[in-house]
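Asker: how would this look folded up:
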Amino acid sequence: MIFAPKAKTILDISPYVGGESKAAGVDRVIKLSSNENPFGPPASVVGAVQNAAKEAHLYPDGGCVDLRRALGDLNGIDPDQIICGAGSDEIIQFLCNAYCAPGDEIIYSAHGFLMYAIYARAAGAVPVSVPELNLKADPEAIAGAVTDKTKIVFLANPNNPTGALLLKDEIRSLREALPENVLLVLDAAYCEYVDDPNYSAGHELVGEFGNVVVTRTFSKIYALGGLRLGWGHCPPEIADILNRIRGPFNVSSVAQAAGLAAVEDQGFVEKSIVHNARMRAQVSETLVKLGLTVYPSAANFILVDFETPERAENCRLALKEQGILVRQVGAYGLPSCLRISLGLDNEMDLACGVIKSYLASS
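Answerer: Next up is the predicted model:
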């Protein structure tokens, strides 16, 4: 017997493929393909994980009470309006499952996170991709794409893989242009890396409008991608709905302990911010001098345009031969580009050197 999925749209889903992590035949791999923090977790977090592992036989706190309280204190948010998940993408999945029925629509910008469309289809909904302006989300076009079937608008800000940024006045204008019955979800996975004073992750809009959710992650600046930990800031009614459908122990005790230790180590966060800003400027300048187009980025990666898909792919392979892994972004509709995460100084020097050699020989 062949068992069919509940929604035919599931068969239209192309599984998400993450950045490469292995390169055969090389002694050392430099992974610049997944936007990870190159420092790795600080010692305080490693110690917390080791201690938590001693009680791995016990179920975790299903409500993540201590972690939500710490996040609330850090961000000035009511802990009761915070829901934790196995990465912020689990919160995105909860939202699609809770608010989208078959035939409903979710909207996202053309080069937005691939999981928006995947989770929409998994819920039986229809993903609607809205064209961008110069690789930047277009709030007017997004508002204009809304129909009576639209339930959610997802907006990554900063956006992955472009690094593009919308400022807080643009986000507010978008919320005001959307119908009240359309939920605006602001995916702020990279918000800590933004240094523009006119930017906001959007937390102030959650209480003001009541139809805004902000998602955050520990995978990037906090260097906890391997533990899968994220959270969402929701209006009380939405937090209540999401808590009704999440698994009873969806965040492990080890992840919760790591998250608590990470929140308490804001010195590590500041160190990561300073390093990233310097690397972003330095590497961008180097590649521009080599004749490449580097799009402005507010995150911990840069998007580099090689003019043709063949040129981008050949450069990716040249880097891989040297054990340097970067992200091919054809799945995002950007086949002539490579997304390059910002690593340590020596790693970026090596990567830029390989790119320079490739360009000189091509």
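Asker: residues touching K271, list them.
Answerer: F39 (Cβ atoms under 8 Å, 6 or more residues apart in numbering). The C-beta positions use only the backbone N, C-alpha and C, and glycine is treated the same way.
Asker: is it true that it lies in a helix?
Answerer: Yes: counting by DSSP: H, G, I helix; E, B strand; the rest coil, K271 is located in a helix.
Asker: do you know how far it is from F39?
Answerer: 7 Å (Cβ to Cβ, to the nearest Å).
Asker: go on, A101?
Answerer: A101 is 43 Å from F39, by Cβ to Cβ.
Asker: So the two - more neighbours on which side?
Answerer: F39 (14 against 11; other Cβ atoms under 10 Å).
Asker: so the more buried one makes contact with F268?
Answerer: Yes: applying Cβ atoms under 8 Å, one finds F39 in contact with F268, separated by 7.4 Å.
Asker: what residues are shared contacts of the two?
Answerer: What both F39 and F268 touch, as defined by Cβ under 8 Å, 6+ apart, is the set A223.
Asker: For stretch 72-81, list every residue counted as buried.
Answerer: G72, I77, P79, Q81 (16 or more other Cβ atoms under 10 Å).
Asker: next one: stretch 213-229
Answerer: Those would be 213-225, 227-229, for stretch 213-229 by 16+ other Cβ under 10 Å.
Asker: same check, this time on stretch 90-105
Answerer: By neighbour count on 16+ other Cβ under 10 Å, the buried set for stretch 90-105 is 90-100, 104-105.
Asker: what's the answer for stretch 329-348, then?
Answerer: The neighbour-count check on stretch 329-348 (16+ other Cβ under 10 Å) flags 329, 332, 334, 336-343, 347-348 as buried.
Asker: Throw those into TSV and include pLDDT, distance to Q50 and secondary structure, thanks.
Answerer: Output for the buried residues of stretch 329-348, formatted as TSV (pLDDT from 0 to 100; distance: Cβ to Cβ, whole Å; DSSP: H, G, I helix; E, B strand; the rest coil):
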residue	pLDDT	distance to Q50	secondary structure
V329	96	36	coil
Y332	94	38	helix
L334	97	41	coil
S336	98	45	coil
C337	98	40	strand
L338	98	37	strand
R339	98	33	strand
I340	98	33	strand
S341	98	27	strand
L342	98	28	coil
G343	98	26	coil
E347	98	27	helix
M348	98	31	helix
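Asker: so where is this protein shaky, pLDDT-wise?
Answerer: 1-10, 16, 21-25 (pLDDT under 70).
Asker: follow-up on the earlier one: ok, of the buried residues of stretch 90-105, which one's closest to K289?
Answerer: I92 (38.3 Å; Cβ to Cβ).
Asker: Restricting to C-alpha, output whichever strand or helix holds that closest one in CSV.
Answerer: Secondary structure assignment for I92, by DSSP states H and E: helix 88-99. Provided in CSV are the C-alpha atoms of helix 88-99 (Å, rounded to 0.1, in the frame of the first residue of the first chain):
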residue,chain,number,x,y,z
SER,A,88,13.7,29.8,14.9
ASP,A,89,12.6,27.8,11.9
GLU,A,90,10.5,25.6,14.2
ILE,A,91,8.7,28.8,15.3
ILE,A,92,8.1,29.5,11.6
GLN,A,93,6.7,26.0,11.1
PHE,A,94,4.4,26.5,14.1
LEU,A,95,3.0,29.7,12.6
CYS,A,96,2.3,28.1,9.2
ASN,A,97,0.6,25.1,10.9
ALA,A,98,-1.4,27.2,13.2
TYR,A,99,-2.6,29.9,10.8
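Asker: residues in contact with it?
Answerer: Contacts for helix 88-99 (Cβ under 8 Å, 6+ apart): 83, 85, 106, 115-116, 119-120, 122-123, 125, 151-152, 154, 183, 185, 187, 189, 213, 215-217, 219, 228, 230-232, 238, 241-242, 245-246, 250.
Asker: quick one: which of these sit in helices?
Answerer: Using DSSP state H, the members of those that fall within helices are M115, Y116, Y119, A120, A122, I238, I241, L242, I245.
Asker: Mind checking which of those residues are buried?
Answerer: Neighbour-count burial (16+ other Cβ under 10 Å) applied to these gives M115, Y116, Y119, A120, A122, I238, I241, L242.
Asker: Closest to A52 out of those?
Answerer: Among these, and counting by Cβ to Cβ, the member closest to A52 is L242, at 24.7 Å.
Asker: My guess is that closest one contacts G232. True?
Answerer: Yes: contact between L242 and G232 holds when scored by Cβ under 8 Å: they sit 7.3 Å apart.
Asker: Give me the common contacts of these two.
Answerer: Shared contacts of L242 and G232, counting by Cβ under 8 Å, 6+ apart, come down to I83, I91, F94, L95.
Asker: got JSON lines for these, with distance to F306 too?
Answerer: As requested, those are exported to JSON lines (distance: Cβ to Cβ, whole Å):
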{"residue": "I83", "distance to F306": "41"}
{"residue": "I91", "distance to F306": "34"}
{"residue": "F94", "distance to F306": "38"}
{"residue": "L95", "distance to F306": "36"}
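Asker: mind listing the strands for this protein?
Answerer: Using DSSP state E, the strands of the chain run over residues 30-32, 82-85, 105-109, 126-130, 150-156, 183-187, 212-217, 230-233, 293-295, 301-305, 324-328, 337-341.
Asker: Hey, what's the angle from the last one to strand 324-328? Just curious.
Answerer: Put plainly, it is strand 337-341. 130 degrees (axes from the mean of the first three to the mean of the last three Cα atoms, to 10 degrees).
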